[in-house]
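Undergrad: let's see this in three dimensions:
(one chain, ligands or ions: 1)
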Amino acid sequence: MGENTWKGSVAVLAYFLYSEGMKIGVYGMGRFGSFWASLLASHGHEVYGYTRHAVSVPPGVSLVGEDEILGQENLFLCVPISAFKDVVTNISPRLTPATTVFDTCSVKLYPYAVMEELLVSRGIPCIATHPMFGPDSGAHGVKDLPMMLSSVASSADIGPWEKEFSSWGLTVLHMNCDTHDKETAWSQGVTHFVGRTLDELHLGHTDLATTGYRRLMSIVEQTCNDPRQLFYDLQRYNPYASDMRRHLRQALDKVMAELVAQDMAVRMEKT
Ligand SMILES: O=C(O)C(=O)C[C@]1(C(=O)O)C=C[C@@H](O)C=C1
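TA: Residues are numbered from 1 along each chain as shown. From the prediction side, this is the model:
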């Protein structure tokens, strides 16, 4: 074995023996928080979770008290969007610049503004993130799924995190929060709106289900598996969502009117 090959092998061995996962706190162990904590743990990180509710703890995750979670080097906030500002207001005085804070909200302008005002102003580095998946869509792995990252007011270096998430096979996207909210109002926002609307029809199983119908049912199932609060928050805290809903209503009216016009034309032909 040449000297360089030998040195290379030692370096690889040392990497595997001594490289340690990061210490990461997950604040909020609800449906997404538990999933996110288990995903981080499955990638070799030392993961601590904090919750005020009784939950089943995913393997590889240790539940700790609030003071301990706030002392972690990296802290992911996995709380409902509508609770975000209250949580940040409450924990902000107990955080130091040694902790990098991440939000994981499904909208981005709102948590970005809250973190800039309450954390970055105190020297606490913050990264806005949106993992575009959850326990349903990520149930069989997250490879090739998108994850959006944005450093809040350039307060944190996202480079190492981009590397980390890319190593999971995720497609990491840098994007400003306005572009994110504009695009997701017309993708995730419209999907949840249609899913909840179809759910109102109480559609069920049929032996005559087409492939398209089965796909529609899976959209209803996936969107309605999420807490109803997520649906309300997606619609309320994304500034582009009300415009999306207005266009959706107009589109429905247009298609309805088209059918009425067709009926009238057929009737006229007959007379
Ligand atoms: O997989 C799931 O359980 C999800 O509902 C994930 C889902 C979605 O598909 O809308 C929900 C919230 C997150 O913002 C990202 C993705």
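Undergrad: and the strands in the stretch 151-271 of the chain?
TA: 171-174 (DSSP state E, counting those that start in this stretch).
Undergrad: quick check: residues of it near the ligand?
TA: Q188, Q222, N225, D226 (C-beta under 6 Å from any ligand atom). Heads up, the C-betas are built off the backbone N, CA and C, glycines and all.
Undergrad: excluding its backbone neighbours, what's nearest whichever residue of the chain sits closest to the ligand?
TA: When distances are taken as C-beta to the nearest ligand atom, the chain approaches the ligand most closely through G134, which lies 2.8 Å from it. Nearest-residue entry for G134: F32, 5.5 Å, with adjacent residues in sequence omitted and distances by C-beta to C-beta, 6 or more residues apart in numbering.
Undergrad: isn't the one you found right up against D103?
TA: No - counting by C-beta atoms under 8 Å, no contact exists between F32 and D103, whose distance comes to 11.7 Å.
Undergrad: which residues touch the residue lying closest to R236 once chain neighbours are set aside?
TA: On the basis of C-beta to C-beta, 6+ apart, the spatially nearest residue to R236 that is not a chain neighbour turns out to be S82, at 7.4 Å. Shown in contact with S82 (C-beta atoms under 8 Å, 6 or more residues apart in numbering): Q229, Y232, D233, R236, Y237.
Undergrad: tell me which of the residues you listed fall in helices.
TA: By the criterion of DSSP state H, membership of the contacts of S82 in helices covers Q229, Y232, D233, R236, Y237.
Undergrad: what bits of the stretch 1-150 of the chain have low per-residue confidence?
TA: For the stretch 1-150 of the chain, the stretches with pLDDT under 70 are 1-19.
Undergrad: how about the strands in it?
TA: Assigned by DSSP E, counting those that start in this stretch, the strands in the stretch 1-150 of the chain fall at 23-27, 46-50, 61-63, 74-77, 100-103, 126-131, 146-151.
Undergrad: returning to what we had before: count the neighbours of the residue nearest to G134 for me.
TA: F32: 25 surrounding residues under other C-beta atoms under 10 Å.
Undergrad: quick one: contacts for it?
TA: C78, T104, G134, P135 are the contacts of F32 under C-beta under 8 Å, 6+ apart.
Undergrad: pick out the most distant pair among these.
TA: T104 and P135 (13.0 Å; C-beta to C-beta).
Undergrad: isn't S166 up against V172?
TA: Yes - at 5.4 Å, S166 counts as touching V172 under the criterion of C-beta under 8 Å.
Undergrad: so which of these two has more stuff around it?
TA: V172 (17 against 12).
Undergrad: surely the more buried one meets P160?
TA: No - proximity of V172 to P160 does not meet the contact threshold set by C-beta under 8 Å, at 11.6 Å.
Undergrad: check the offset of the lengthiest helix in the chain from the chain's centre.
TA: As assigned by DSSP H, the longest helix anywhere in the chain is helix 241-270. Once both centres are worked out by C-alpha atoms, centre = their mean, to the nearest Å, helix 241-270 turns out to sit 35 Å from its chain's centre.
Undergrad: try stretch 70-85
TA: Worked out by C-alpha atoms, centre = their mean, stretch 70-85 lies 13 Å from the chain centre.
Undergrad: that stretch: end-to-end distance?
TA: When the termini of stretch 70-85 are compared using C-alpha to C-alpha, to the nearest Å, they are 16 Å apart.
Undergrad: mind listing what's buried in it?
TA: Using 16 or more other C-beta atoms under 10 Å as the burial criterion, the residues of stretch 70-85 that qualify are 70-72, 74-81, 84-85.
Undergrad: so it, near the ligand or not?
TA: No - figure legend: stretch 70-85 not in contact with the ligand (C-beta under 6 Å from any ligand atom); closest approach 9.5 Å.
Undergrad: now the helices: where do they sit in the stretch 51-200 of the chain?
TA: Taking DSSP state H, counting those that start in this stretch as the test, the helices found in the stretch 51-200 of the chain are 66-70, 81-91, 109-118, 159-167, 177-184, 190-199.
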